[in-house]
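Participant: Attaching a predicted model along with its sequence, questions to come.
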Amino acid sequence: MYTYEAKKFNLPSMEGISDESVKQHIGLYEGYVKNFNAISAKLVEYAGDTEKNAHALSELIRRKSFEFDGMRLHEHYFEQFEGGSAELTTGSPLAQIFEKEYHGHFIEYFKAIGSMRGPGWAILYYDTVGKQFQAGFAGEQHQGHFVTLPIILALDVWEHAFILDYGAGGKGKYIDAFFKNLNWDVMEKRFVKASVQ
């Protein structure tokens, strides 16, 4: 059985997202990795007697995707800040398709998705069949995904991402800070990779 390890991220100090908030957020991510590994090991153990362990198995199986999605989405999230902030390159393939699909309003649209009530993630995917974006809200982190589509941009809007810096009502200010600190080179590379599939 493969054991996952928490990734290390080379993150600069960020404008509007404190070092302490990032430190605690990474600790949460590391917990997802640990929990996914523990659940995976337990499922192997319980599989020896599925009748006896039916209840425990069902609860762990439900929890497994929650932990896995928390692990992977946070890896997408933190990677987006590595290398420091960099603006979207004017005329890049990503900028061109943003203009085509969102007519210059992508950021506002994505911020509106992130501002929806409830914990979860605003996620931008690229549909390699339809050759278009799909933007959506993943409730908590394991419900509402566009299955199989590569992720271009992931915005964590659980309260843990902003409560330390902005309080419970500070989601909007946090989302503004998120966009100030993005390294758009990361998303441009993700898009190029996805668009050649």
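Facilitator: Thanks, I have the structure now. All values derive from a computational prediction rather than experimental measurement. Residues are numbered from 1 along each chain as shown.
Participant: CA atoms for contacts and neighbours, from now on please.
Facilitator: OK.
Participant: Give the buried residues for stretch 96-116.
Facilitator: For stretch 96-116, a neighbour-count test (16 or more other CA atoms under 10 Å) marks I97, F98, F110, K111, I113, G114, S115 as buried.
Participant: What are the contacting residues of that stretch?
Facilitator: W121, A122, Q132, F133, A135, G136, F137, L155, V157, K171, G172, I175 (CA atoms under 8 Å, 6 or more residues apart in numbering).
Participant: related to what we said a few turns ago, would you reformat the buried residues of stretch 96-116 as TSV and include pLDDT and secondary structure?
Facilitator: As requested, those are arranged in TSV below (pLDDT from 0 to 100; DSSP: H, G, I helix; E, B strand; the rest coil):
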residue	pLDDT	secondary structure
I97	94	helix
F98	95	helix
F110	98	helix
K111	98	helix
I113	98	helix
G114	98	helix
S115	97	coil
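Participant: got CSV for those, with distance to P150 too?
Facilitator: Listed next are the buried residues of stretch 96-116 as CSV, based on distance: CA to CA, whole Å:
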residue, distance to P150
I97, 16
F98, 16
F110, 17
K111, 20
I113, 18
G114, 19
S115, 22
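Participant: and of the residues you listed, the nearest to A47?
Facilitator: Closest approach between the buried residues of stretch 96-116 and A47, by CA to CA: G114, at 38.9 Å.
Participant: Okay, G170 and V157: tell me how far apart.
Facilitator: 11 Å (CA to CA, to the nearest Å).
Participant: which one of the two has more residues nearby?
Facilitator: It is V157, of G170 and V157, that has more neighbours when counted by other CA atoms under 10 Å, with 25 against 14.
Participant: hang on, that one packs against R117?
Facilitator: No: applying CA atoms under 8 Å, one finds V157 not in contact with R117, separated by 9.4 Å.
Participant: Walk me through the domains of this structure.
Facilitator: Here the domain assignment for the chain is 19-79, 93-195, based on automatic domain parsing.
Participant: Now these in CSV, please, with extra columns for distance to Y4.
Facilitator: As requested, the domains of the chain are arranged in CSV below (distance: least, CA to CA, whole Å):
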stretch, distance to Y4
domain 19-79, 7
domain 93-195, 19
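Participant: all helices of this protein, in order?
Facilitator: Here the chain has its helices, by DSSP state H, at 19-46, 54-79, 93-102, 106-114, 163-166, 171-181, 184-195.
Participant: Cheers, nothing more for now.
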